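Visitor: Based on what follows, work out the 3D shape:
(2 chains)
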Amino acid sequence: MYTESSGRRERSLSAFSLSIGFFSFLLLTVIALSCVVGVTGLTWSHLPSLFTVLSDDVISYTVWHVRVPRVLLGAVLGAALAMAGCLMQAVTRNHLADPEVMGINQGASMLVVISLMLFGSQDITWVIIGAAFVGVALSGSVMYRLAFTSEYTPTRLVLSGLAISFFFGSITTGFIVLFENDLMEILYWMAGKLSGASWADLRIALIGIIPAMVLCVLLSNQFNILLLGEEMARGLGQNVERVRRIAAFLIIVLVGSAVAVAGPIGYVGLIVPHMARSIVGSDYRKVVPLAALMGATLLVLADLAGQWVLYPTETPVGIITALLGTPFFIYLLRRRKGRIL
Amino acid sequence: MKQYVGQYSKRFAVIMVGSLLLLALLAIIALRLGAVPTTFAQVINDLWLQDGLIWEYRVPRVLIAIFVGINMALAGSILQGVTRNPLAAPDIIGISAGGGLASVIMILVVPSFPQMMLPLAAFGGAVFAGMIVYFVSYSRGGIKPERLALTGVAISAGVQALITLLIVGYALNAAQALVWLKGSLYARSWQHVEMIWPWTLVGGLVALIAYRQLNLLLLNEETVRGLGMRIDRTRLLLLVVSVALAGSSVAVAGTIGFVGLVIPHAARLLVGSDFRLLLPTSAVLGALLVTLSDLVGRVVMPPVEIPAGLVTALLGAPYFLYLLLRRKAAKF
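Guide: Below you'll find the model as predicted:
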């Protein structure tokens, strides 16, 4: 018995390190590619000059100030959203949880759009950040209450999340329709985008995301215990309420930072944790780091795809992930093994 | 049991009479109030002569509000019965979104489309989305109600993404599309009335006749089969009815949300869950809500008109949230 389980553990540990290695490699490749592919006039001969300090030609500006921050932001947000998805799925014990599905993104969008309209002419970066966090906290707390009302099955939670996001969405659209001024900009923001990302955006995102990620990894064993069920977790001496609150706080920080710099990007948090679990099993100590890597890869790839699909028009990355989310959602509903319904 | 039914029947009669009176009152007020000031004498005069501003613009508008309300509320009630899920509604499971996508394509992509093609496109889109949801959730042994609802959510999400894509891509004309997506009764005419009333009549009648089937579907699946009902065929038929009802109202008024979701709950609280009483009550309450919303949207901040669908969301969503957050939520 003992040997069998430890043998399994070793095997999955090697699957874990293999997949970590593979996805790190993939992520680095994808990042490198996205930084340079399609930059007009860039050839191999520029390679040394790219790494020269103070080279101020157009090409190295494009690479260092347009491409690199965008790609890195994509990677960071992808990791953050994937982790947020892991957290939400662990805490609600609902495999369909995701910031978008549960209406949290829409709540944040609503507040950001309203504050964009109120403070449109002034320096808006901090307004957007504040509004995004308040919005995430607001809609998050509604979902938090719903999720721990014991009658709520996964299906019911998803449907009520959708109803809530319709509500916030209606208000957002209403504001836009009634007081439209910068329609284009607001709509584009609402679709979730990475274009125009700067080093400043990246810095803002990192302030919250890095500590949240570290905490999330450190606490991952607590989530394993939480997944055993409330009774069992209490029996094992876990302060269930406190773990849930910390998780909720981490979700707010992760999703809030993401929404603040890039607008609502959905379904990364739904898709990635499932993929990670299918590779390394359900141990959150492995799922969380792997999901972060995979999420980063996915979002960078999706952003790259968004630049190519309707070239020369750029498709906001949130739309790409939403279009990936639909078939994945249906797959989750229809698959034979581990079917949700 | 009999006493229970009797108690609800009496309440049902009171509620029906009360809400019909209220509806009549609202309709009269809606005819009187608006951007152009009118007097009651003028209202009566126009109605008598069947001519003038009131007859041309406000009467069809009120009628459409009533029909849309009836259609959406009935569609929602039927869907909640068929999926055995109190959270299903045409706007949640993607039917409205399908209509929305088709009409956004029409508004944004097709240059100078004939105005009357818009309802057709919307209806087609809604039906198409309904079909996709049905077939995707179908598997051997029929459709599972829960999977139908969640598949609807998934399809709806994808369709929303496509709508956003189109709106972002064609942002210059997006304002019209956005108003349409929120569901508005602005500038609707008798032509639109002609488009919707046959659907309301036929769909409403079928729904009212099918109350027994709906009641049975609430029972355990084995029991229903044991009673000799062809469960899949019944489900399909009822779904078709609700898609037709929702599709026709999306066609004339855009995606007016929350009526199909909230009204059946309100009706259930009032008259219990027997579909014989529930369906008529939902229909009347739905008509009431949409008429009220359209009136409020027109009167609050003239000359700007708030789309009726936005008002229904603002009125309906907090109520729905309250229902969700109540401890006893699972009961409905």
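
Visitor: Could you use CA atoms for every contact and neighbour count after this?
Guide: OK.

Visitor: Contact residues of chain B facing chain A?
Guide: B:87-88, B:92, B:136-137, B:146-147, B:150-151, B:153-155, B:157-158, B:161-162, B:164-165, B:167-169, B:171-172, B:175, B:178-179, B:182, B:304, B:306-307, B:310, B:313-314, B:317, B:321, B:324-325, B:327, B:329-330 (CA under 8 Å from any CA of the partner chain).

Visitor: Would you show me how to pick out the buried ones of the residues you listed in ChimeraX?
Guide: Those of those that count as buried under 16 or more other CA atoms under 10 Å in any protein chain shown are selected in ChimeraX with:
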select /B:87,88,92,136,137,146,147,150,151,153,154,155,157,158,161,162,164,165,167,168,169,171,175,178,179,182,306,307,310,313,314,317,321,324,325
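
Visitor: So which of the residues of chain B next to chain A sit within helices?
Guide: Of the residues of chain B next to chain A, the ones assigned to helices by DSSP state H are B:136-137, B:146-147, B:150-151, B:153-155, B:157-158, B:161-162, B:164-165, B:167-169, B:175, B:178-179, B:182, B:310, B:313-314, B:317, B:321, B:324-325.

Visitor: thinking B:Val241 is in contact with B:Ile209, fair?
Guide: No - here B:Val241 does not reach B:Ile209: they are 11.8 Å apart, not a contact under CA atoms under 8 Å.

Visitor: Of the two, which one has the most company?
Guide: Under the criterion of other CA atoms under 10 Å in any protein chain shown, the comparison of B:Val241 against B:Ile209 puts B:Val241 first, with 22 against 12.

Visitor: element containing the nearest residue to the more buried one once chain neighbours are set aside?
Guide: Excluding the flanking residues, the one nearest B:Val241 by CA to CA, 6 or more residues apart in numbering or on different chains is B:Gly203, at 5.9 Å. B:Gly203 belongs to helix B:190-209 when assigned by DSSP states H and E.

Visitor: so where is the chain shaky, pLDDT-wise?
Guide: If you meant another chain, say so; for now it's chain A. Flagging of chain A using pLDDT under 70 yields the residue ranges A:1-13, A:39-43, A:45-56, A:120-124, A:150-152, A:180-185, A:336-341.

Visitor: wait, chain B
Guide: B:1-6, B:35, B:140-142, B:171-175, B:182-183, B:327-332.

Visitor: for it, what spans make up the strands?
Guide: Listed from the start of the chain, chain B has strands (DSSP state E) covering B:138-139, B:142-143.

Visitor: Centre-most residue in the chain?
Guide: With no chain named, the answer covers chain A. A:Leu81 (1.7 Å; CA atoms, centre = their mean).

Visitor: please go with chain B instead
Guide: Judging by CA atoms, centre = their mean, chain B has its centre closest to B:Met72, at 1.6 Å.

Visitor: which residues touch the nearest residue to it once chain neighbours are set aside?
Guide: Excluding the flanking residues, the one nearest B:Met72 by CA to CA, 6+ apart is B:Gly260, at 4.9 Å. Applying CA atoms under 8 Å, 6 or more residues apart in numbering or on different chains to B:Gly260 gives the contacts B:Met72, B:Ala73, B:Leu74, B:Ala75, B:Gly76, B:Ser77, B:Ala89, B:Pro90, B:Asp91, B:Gly286.

Visitor: again, 6 Å this time
Guide: Listed by CA atoms under 6 Å, 6 or more residues apart in numbering or on different chains, the contact partners of B:Gly260 are B:Met72, B:Ala73, B:Gly76, B:Ala89.

Visitor: Surely the third one touches B:Ala89?
Guide: Yes - if you go by CA atoms under 6 Å, B:Gly76 and B:Ala89 touch, sitting 4.6 Å apart.

Visitor: hey, what's in contact with both of those two?
Guide: In terms of CA under 6 Å, 6+ apart, B:Gly76 and B:Ala89 are both contacted by the residues B:Gly260, B:Leu261.

Visitor: which SS state does A:Leu96 fall under?
Guide: At A:Leu96, secondary structure determined by DSSP: H, G, I helix; E, B strand; the rest coil is coil.

Visitor: Report the separation between it and chain B.
Guide: As judged by CA to the nearest CA, to the nearest Å, A:Leu96 and chain B stand 10 Å apart.

Visitor: Now for that residue, how many residues are close by?
Guide: For A:Leu96, using other CA under 10 Å, the count is 25.

Visitor: Look up phi and psi at it.
Guide: phi -110, psi 10 (degrees, to the nearest 10).

Visitor: same question, the one 4 residues further on
Guide: With angles defined as degrees, to the nearest 10, A:Glu100 sits at phi -80, psi -50.

Visitor: count of neighbours near it?
Guide: For A:Glu100, using other CA under 10 Å, the count is 24.

Visitor: and what of A:Gly38?
Guide: A:Gly38: 11 neighbours (other CA under 10 Å).

Visitor: Thanks again, I'm all set now.
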